[in-house]
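1. I need the structure of the sequence given here:
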Amino acid sequence: MRIELYRTGREGGKAFARDIQNRFSTTRIRVHDTVIGGAMNAGGWGRIKKMRLEPSRGRGIYHVENSPEAAGKSDMGCVLWRAQAAGVSSYAWGIEVHAIETKCQGKGNLYCEFIVKPTHEFDLNSGLVQEQLPLEEVVKAKKAKGLPVPHEFEKLVKRNCSKGNDKKI
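-> Presented below is the predicted three-dimensional model:
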């Protein structure tokens, strides 16, 4: 369920960013700042404490306080915030990116931290990646870039996808 929620939220983030750009006839980079810096705050999705962005490289780090998802102390963390950050960033920067949450206020951290980067750069051996991202997309992106993919991940992804199972591998 976590992966499907993330996928849906990520696509929603892309669509929302595209809609903002069309309505306000602005640049993609301004869309990012408007959605992440403004709309997420104004919409009650928490307060951005810090952003460190490298749009040309498809990288970003967001620190967020008072996310309503963190307030719920869900064991899933802030799935929708993470998904929106990935979707809006993918659209605004023109690079397919994903996001993982490395810290969560709901789990006792001072803020939630989201790391956004190009899909092929994620380490398949990372527990956070295995738990939070659709692995078949990471495998596909790595292959497209000619990067090595451990054989066991290719087999697991194929087996789980053929069963319609995209839960933690």
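2. sec struct for His63, please.
-> When classified by DSSP: H, G, I helix; E, B strand; the rest coil, His63 comes out as strand.
3. that one is in contact with Gly46, isn't it?
-> No: look at His63 against Gly46 with Cβ atoms under 8 Å: they stay out of range, at 9.9 Å. The C-beta positions use only the backbone N, C-alpha and C, and glycine is treated the same way.
4. neighbour count winner among the two?
-> More crowded of His63 and Gly46, by other Cβ atoms under 10 Å: Gly46, with 23 against 18.
5. sec struct for the residue lying closest to Arg2 once chain neighbours are set aside, please.
-> In this structure, Arg2 finds its nearest non-sequential neighbour in Met76, 5.1 Å apart by Cβ to Cβ, 6 or more residues apart in numbering. Here Met76 is coil, with the state taken from three-state DSSP.
6. quick one, phi psi at Met76?
-> As for Met76, its main-chain torsions (degrees, to the nearest 10) stand at phi -80, psi -10.
7. now it: how far from Ile36?
-> 21 Å (Cβ to Cβ, to the nearest Å).
8. try Pro134
-> Taking Cβ to Cβ, one finds Pro134 at 22 Å from Ile36.
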